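Student: here is a sequence together with a model predicted from it:
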Amino acid sequence: VIRAKESHLTSKTLKSELHKLANRRFGRAQEVSTERVIAIMSLWAKHEESVAIEEVKALGAAIQEVEHSVQSADLNLAFDKFTMVQCDEDIRPDGRRISPVRGRSLLI
């Protein structure tokens, strides 16, 4: 009976130690996986930030080109109207005005 009690106590102690060991291993696995998730999220955030910066640069360049094109087109239109009024060459013999195509266009 004493041996059975000792064997049962030893078994219980061994089971308790194994449970503690399993809990420590599980805790370490949680910490490692949390660190890995944080690292992955950090890399993803850096990637998204760099993509967003490139998109902002591209949009800025496109906006500048559109602004330049619109300003240039407006100037060309004003110049064309002035030229049509000032030059007799732009008026056909039947009295209709020739509207020359000048300036640039932006294709996107």
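Tutor: Perfect, I can see it now. Numbers count the residues shown, from 1 in each chain.
Student: so which helix or strand takes in residue 12?
Tutor: Assigned by DSSP states H and E, residue 12 belongs to helix 2-86.
Student: residue contacts, residue 2?
Tutor: Contact analysis of residue 2 by CB atoms under 8 Å, 6 or more residues apart in numbering lists nothing. To be clear about C-beta, it is placed using only N, CA and C from the backbone, and glycine gets the same treatment.
Student: tell me how far it lies from residue 14.
Tutor: 18 Å (CB to CB, to the nearest Å).
Student: repeat that for residue 58.
Tutor: 66 Å.
Student: residue 67 now?
Tutor: Distance of residue 67 to residue 14, computed by CB to CB: 79 Å.
Student: also residue 53?
Tutor: Counting by CB to CB, the gap from residue 53 to residue 14 is 58 Å.
Student: what's the burial count for residue 69?
Tutor: Residue 69 sits with 16 neighbouring residues when counted by other CB atoms under 10 Å.
Student: check residue 5 too.
Tutor: Close neighbours of residue 5, defined as other CB under 10 Å, add up to 9.
Student: so what's residue 64 up against?
Tutor: If a contact means CB under 8 Å, 6+ apart, then residue 64 has no contacts.
Student: okay, it and residue 53: tell me how far apart.
Tutor: 17 Å.
Student: just residue 5 next, same as before
Tutor: Taking CB to CB, one finds residue 5 at 72 Å from residue 53.
Student: which stretches of the protein have low pLDDT?
Tutor: 70, 72-76, 78-108 (pLDDT under 70).
Student: cutoff 90 now
Tutor: For the chain, the stretches with pLDDT under 90 are 1-10, 64-108.
Student: give the contact list for residue 56.
Tutor: Counting by CB under 8 Å, 6+ apart, residue 56 makes contact with nothing.
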